[in-house]
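K.L.:
Could you look at this predicted model? Sequence included:
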Amino acid sequence: MTKVAFIGAGSMAEALISGMIENQLMSGNDIWVTNKCNHEKLENMKAQYGVTITYELEQIFKDANVVFLAMKPKDVADALQTIKPHLQKNMLIISVLAGVSIESIEQLAEKELPIVRAMPNTSATIGKSASALSVNKHVSIEQMKLVQQMFETVGLASVVREEQLDAVTGLSGSGPAYIYYLAEAMEKSAEEIGLEKEMAKRFIIQTLLGAAEMLEKSPKESHQLRKEVTSPGGTTEAGLKVLDAHAVQQAFIECIKEATAQSKRLGNHFSNSRKA
Ligand SMILES: NC(=O)C1=CN([C@@H]2O[C@H](COP(=O)(O)OP(=O)(O)OC[C@H]3O[C@@H](n4cnc5c(N)ncnc54)[C@H](O)[C@@H]3O)[C@@H](O)[C@H]2O)C=CC1
Ligand SMILES: O=C(O)[C@@H]1CCC=N1
């Protein structure tokens, strides 16, 4: 039996827990969760997923095979300071922290541990995450199999070079937020053009799902698919001209680059503050 401990009980921890339980990789009995101080949040997770909640570190780490680090990057130094006496050589550490390198975690833990640095996204909740994984040399073949299984249960999982993880963070870690941002704009416009909220929402969702599935199933590139919607002199052309006038595509490119840069900054800030 695998015992999985989550240190941190926020959005990402909940997305992974819910995805792994929903997709029957494990049950709530296999999962132990703690956080910094929000006991109500832990109680809610216990009620919803049947996980065990505790602030007793002895309990959470006893016989744990896998330890997820799921706090914000700014909190990892404090967290590891507290938990490091409980970390054993055979425990697989999976960090989902943006920017924080495997080397930084190794230094904070002050012992040789198998460490996976992962970048999933919140669509893990419904088994649709896009997760990238990098590992250190202490991860065994068996542990790697388990990691692949966990992340494949909650979506697509690919091993990447660690230096690519900042880019993955900017692209697909943060990616769901970009799509929700577009959905928000579509919802707001629907109100202004006279469509009822609920009906508009169904049309927006179906449009996003349909376009995503076309991107997946059609052999055509995204540019070609866009051209096929855009009749000369038609409605799409008129709308897209407005997006071009506001340089929206360029803004999205800069958004993804900036998110990537921020992931790097989070990591640099972290390793520089350790050197200081
Ligand atoms: N939210 C997202 O879409 C994604 C987040 N991530 C990464 O996941 C991590 C968590 O992000 P969120 O879940 O959004 O944050 P959150 O703020 O929702 O949750 C953070 C959790 O960490 C806990 N925590 C803080 N210090 C702690 C300590 N010393 N000991 C135990 N628990 C502690 C907090 O109590 C809270 O439960 C971040 O490092 C982020 O970079 C990665 C991919 C996507
Ligand atoms: O915004 C963040 O920092 C985290 C990492 C990727 C998505 N959310």
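P.N.:
All right, it came through fine. Ligands and ions are numbered 1, 2, ... in the order given.

K.L.:
Strands of the stretch 1-150 of the chain, residue ranges please.
P.N.:
Ranges of strands within the stretch 1-150 of the chain are 4-7, 31-34, 52-53, 66-69, 92-95, 115-119, 129-135, based on DSSP state E, counting those that start in this stretch.

K.L.:
To ligand 2, which of these lies closest?
P.N.:
strand 115-119 (7.1 Å; C-beta to the nearest ligand atom). C-beta here means a position set from N, CA and C on the backbone, and glycine is covered the same way.

K.L.:
In this structure residue 11 contacts residue 122, no?
P.N.:
Yes. Between residue 11 and residue 122 there is a contact under C-beta atoms under 8 Å: 5.9 Å.

K.L.:
out of these two, which sits in the more crowded spot?
P.N.:
Comparing residue 11 with residue 122 by neighbour count (other C-beta atoms under 10 Å), the higher total belongs to residue 122, at 20 against 11.

K.L.:
For that one, give me its contacts.
P.N.:
The contact partners of residue 122, taken as C-beta atoms under 8 Å, 6 or more residues apart in numbering, are 11-12, 15, 129, 176.

K.L.:
closest point of the protein to ligand 1, which residue?
P.N.:
Nearest residue of the chain to ligand 1, counting by C-beta to the nearest ligand atom: residue 10, 1.8 Å away.

K.L.:
Wait, that residue touches residue 68, no?
P.N.:
No. With contacts counted by C-beta under 8 Å, residue 10 stays clear of residue 68, the gap being 11.2 Å.

K.L.:
of these two, who's got more company?
P.N.:
The neighbour comparison of residue 10 against residue 68 (other C-beta under 10 Å) goes to residue 68, with 25 against 15.

K.L.:
Residue 173 - nearest residue in space that isn't next to it in sequence?
P.N.:
Closest residue to residue 173 apart from its sequence neighbours, by C-beta to C-beta, 6 or more residues apart in numbering: residue 119 at 4.7 Å.

K.L.:
Let me see the contact set for that neighbour.
P.N.:
With C-beta under 8 Å, 6+ apart, residue 119 has these contacts: 96, 98, 131-133, 165, 168-169, 172-173.

K.L.:
and those near ligand 2, which?
P.N.:
98, 169, 173 (C-beta under 6 Å from any ligand atom).

K.L.:
okay, those in JSON lines with neighbour count and distance to ligand 1 next?
P.N.:
What follows is these, written out as JSON lines (neighbours: other C-beta atoms under 10 Å; distance: C-beta to the nearest ligand atom, whole Å):
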{"residue": "98", "neighbour count": "22", "distance to ligand 1": "3"}
{"residue": "169", "neighbour count": "25", "distance to ligand 1": "7"}
{"residue": "173", "neighbour count": "27", "distance to ligand 1": "4"}
